[in-house]
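**Student:** Coordinates only, no sequence provided:
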């Protein structure tokens, strides 16, 4: 073996032995770098997967909302058609009755005062300050809209000044529902001869020209008698925590 070959052999042997005895020292920065690359890779993959999942969820949610909107618009058109046909029947029979119900989607601006969750300023185009309007949320009675300083102010069911006429139970006992600044609402002036009890459902009567007849208000949880009338405490159905949008009844008939 010549000197040159021996030199290369010795060099390779020294490198091998060095790598064998000092592999931890040599591999540590390499492994650290590889782990950092792996961590960044997995973070990137997770980020992309999350974005894909979010996009898929949003796409599904948008599709569901579009389907619901289409059904709502279809039902709305059907109701308009029925109202139109009923009006035609009234005209053919020389009746003075006429149906022209109008419902509008309205938006909440803010609470009237900080800490009072029962009163909301509303954004209502073409607002008529001389009228009181019924307010609904997902076909449930939510309250009324009154004018304050010629601006629309929503009084939710639990507000003490929110009042409208209702029917109670199967016999449709008449009464006046209003808030008491508490969780539940109260119905006063129910005639004593009506048999009402816990669990009876409360609906709007439509006699106040604020709501349609038959909109759901809540269920009775207790009944008391006073001065020839009955009073009832009602657990309301409307329990929205984020009152952003409502439907307002512009015209009942």
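**Tutor:** Happy to help now that I have it. On a predicted model such as this, the values are computed, not experimentally measured, just so you know. Residues are numbered from 1 along each chain as shown.

**Student:** so where do the strands sit in the protein?
**Tutor:** Secondary structure of the chain (DSSP state E): strands at 102-111, 119-123, 133-137, 140-148, 151-156, 163-168, 173-179, 185-191, 201-204, 216-226, 229-236, 245-251.

**Student:** closest one to residue 43 among the ones you listed?
**Tutor:** Distances from residue 43 to each of the strands of the chain were compared using Cβ to Cβ; the shortest belongs to strand 245-251, at 38.8 Å. The way it works is simple: take the backbone N, C-alpha and C, and place the C-beta from them, glycine included.

**Student:** So for the closest one, mean pLDDT?
**Tutor:** When pLDDT is averaged along strand 245-251, the result is 89.

**Student:** One more: stretch 105-119?
**Tutor:** Computed over stretch 105-119, the mean pLDDT rounds to 88.

**Student:** cool, stretch 211-229 as well?
**Tutor:** Computed over stretch 211-229, the average pLDDT equals 92.

**Student:** Equivalent analysis for stretch 147-163, please.
**Tutor:** The predicted confidence, averaged over stretch 147-163, sits at 94.

**Student:** where's that stretch relative to the chain centroid, distance-wise?
**Tutor:** In terms of Cα atoms, centre = their mean, to the nearest Å, the centre of stretch 147-163 is set 20 Å apart from its chain centre.

**Student:** Which segments of the protein make up each domain?
**Tutor:** Following automatic domain parsing, one gets these domains for the chain: 1-99, 102-251.

**Student:** tell me, which of the ones you listed is the model least confident about?
**Tutor:** Per-stretch mean pLDDT for these is lowest at domain 1-99 (a mean of 63).

**Student:** Which residue ranges of the stretch 1-150 of the chain form helices?
**Tutor:** Counting by DSSP state H, counting those that start in this stretch, residue ranges of the helices within the stretch 1-150 of the chain are 3-21, 23-92.
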